[in-house]
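A.B. asks: heads up, no residue letters with this:
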């Protein structure tokens, strides 16, 4: 029950973030220069990604340690603190009330995470005799603790500056910690450990990590030339290519025979695009970054990684656990929506931003109708 509620909370947070973007598309276009940006951004990150991750981690621990190992009251308390804390944090951001943001982001949300980490430790302690500890499954939570500690410090500094740490560099460190210490390890684990009884504990995550690195590296090497043909306007090549790739995957998903041939390609698409962007960034910095490069790369990178990789893969994992069908087709649809959003952001076109949001909302509604069927809710 708690996992379904966390899943629902993630969908509601994501839908609210998209609705805010639909009403105020300049949040995406102006990016860091818009005062309301932290609101929808944290609805996506803390509200959607972290809430969904809590559900997945609990489900994973139940499989690995047995249903009786995790202690539900701890997860209920962690989830309650998290949901209320995110609501206060986001409302504080949207109303520019640093006091509410401090209560939610500095106290409630981190306390909820601490309870989740304790919940995982209790599951290890209560596991049946002879069951492996599977400590690798607890690494994403520790990475999130690092990222969330930086975020809590930033919220406190925004309220009452003491050490002068509320700086772009510290914000960038917070974003990088969230992406590479939490989101990426979290997405790698469930796929590698889907059948915990059939894999070796150390081998599966490392094998998937090598697969990811090889995929991103190979994609960057092949597509880097296309991206840098016109160094003054890489966004045009990037967004058009991503949109065409998403459209191709949607088409592959609808063959006459009914069998979807594009399943293996969809999870690669967002990761390929992210790998290409990283290679492009490295090459630009090697040649000497232009003044606007860091800002451009940060705007594109956060939007691409969140809506092109993290959220779609998380939703697919949640669907898979519940036996939903057509998950990859929805992921391809979200990829198209992300490409349109990127194009609207980089070309400063509010209508394109709204179109991308509508595509995303359509896929989200499709996901919700499949994941929360009436028969499932009665069970």
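C.D. replies: The structure has been received and is ready for your questions. Keep in mind the model is a prediction, meaning the values are calculated, not measured.
A.B. asks: residue 30: how many residues sit nearby?
C.D. replies: Using other CB atoms under 10 Å, residue 30 has 16 neighbouring residues. Placement of C-beta: from N, CA and C, glycine included.
A.B. asks: show me the contacts for it.
C.D. replies: Listed by CB atoms under 8 Å, 6 or more residues apart in numbering, the contact set of residue 30 reads residue 37.
A.B. asks: how does it look with 10 Å?
C.D. replies: Contacts for residue 30 (CB atoms under 10 Å, 6 or more residues apart in numbering) come out as 24, 36, 37, 299, 345, 348.
A.B. asks: what pLDDT is listed against it?
C.D. replies: Residue 30 is assigned a pLDDT of 85 by the prediction.
A.B. asks: now residue 284
C.D. replies: 60.
A.B. asks: just the one 10 residues further on next, same as before
C.D. replies: The predicted local confidence for residue 294 comes out at a pLDDT of 58.
A.B. asks: where does the stretch 1-150 of the chain dip in pLDDT?
C.D. replies: Judged by pLDDT under 70, the stretch 1-150 of the chain has no weakly predicted residues.
A.B. asks: mind putting the contacts of residue 30 in a markdown table, secondary structure and distance to residue 133 included?
C.D. replies: Putting the contacts of residue 30 into a markdown table (DSSP: H, G, I helix; E, B strand; the rest coil; distance: CB to CB, whole Å) gives the following:
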| residue | secondary structure | distance to residue 133 |
| --- | --- | --- |
| 24 | coil | 47 |
| 36 | coil | 44 |
| 37 | coil | 40 |
| 299 | helix | 41 |
| 345 | helix | 44 |
| 348 | coil | 51 |
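A.B. asks: and the residues you listed, which two are furthest apart?
C.D. replies: 36 and 348 (17.0 Å; CB to CB).
A.B. asks: please identify which of those two sits among more neighbours.
C.D. replies: Between residue 36 and residue 348, counted using other CB under 10 Å, the more crowded position is residue 36 (17 against 13).
A.B. asks: quick one: contacts for the more buried one?
C.D. replies: Residue 36 is in contact with 20, 21, 24, 26, 27, 30, 93, 94, 95, 96, counting by CB under 10 Å, 6+ apart.
A.B. asks: before we move on, what about residue 360?
C.D. replies: 14-15, 17-18, 21-22, 307, 311-312, 333-334, 336-338, 340-341.
A.B. asks: for it, which non-adjacent residue is spatially closest?
C.D. replies: residue 337 (4.0 Å; CB to CB, 6 or more residues apart in numbering).
A.B. asks: packing partners for the helix or strand hosting the one you found?
C.D. replies: Using DSSP states H and E, residue 337 sits within helix 327-346. Identification of packing neighbours for helix 327-346 by 3 or more CB pairs under 10 Å, 6 or more residues apart in numbering; DSSP states H and E yields helix 2-23, helix 26-30, helix 234-252, helix 266-287, helix 293-305, helix 311-321, helix 350-371.
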